[in-house]
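A.B. asks: Return a 3D structure for these sequence lines:
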Amino acid sequence: MKRNARLQKGNIYENKGGGSFLCIESTRREITTLRNIASGWTFQAHCVTKYDDGKIEWDFSSGGYFAKA
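C.D. replies: Numbers count the residues shown, from 1 in each chain. Purely as a prediction, here's the structure:
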């Protein structure tokens, strides 16, 4: 397990609680921009944890919006 994990832009990650998320941007260690593949909900995930199985979760999110198609 790695706290404050830096994700790879363009990769899709599975959330530990369910759902698939595209990494839009990971420029700062504590904040990563993610987009839910199914809904388009895009947000900044704070303090991302990446587990040994590759799944992720985050402490909280902010700035959410639906991406335009």
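A.B. asks: and the nearest residue to residue 22 once chain neighbours are set aside, helix, strand or coil?
C.D. replies: Using C-beta to C-beta, 6 or more residues apart in numbering and skipping the chain neighbours, the partner closest in space to residue 22 is residue 35 (4.6 Å). Where you see a C-beta, it was placed from the backbone N, CA and C, and this is true even at glycine. When classified by DSSP: H, G, I helix; E, B strand; the rest coil, residue 35 comes out as strand.
A.B. asks: Endpoints of stretch 32-50, how far apart?
C.D. replies: Taking C-alpha to C-alpha, to the nearest Å, stretch 32-50 runs 12 Å from one end to the other.
A.B. asks: List the buried residues of it.
C.D. replies: 32-36, 41-45, 48-50 (16 or more other C-beta atoms under 10 Å).
A.B. asks: can you check stretch 47-63 too?
C.D. replies: For stretch 47-63, by 16+ other C-beta under 10 Å, it's 48, 49, 50, 56, 58.
A.B. asks: What is the burial count for residue 15?
C.D. replies: 15 (other C-beta atoms under 10 Å).
A.B. asks: what's the spacing between the residue nearest to residue 14 when sequence neighbours are not counted and residue 67?
C.D. replies: Leaving out its chain neighbours, the residue that sits closest to residue 14 by C-beta to C-beta, 6+ apart is residue 55, at 5.0 Å. According to C-beta to C-beta, to the nearest Å, residue 55 stands 22 Å off from residue 67.
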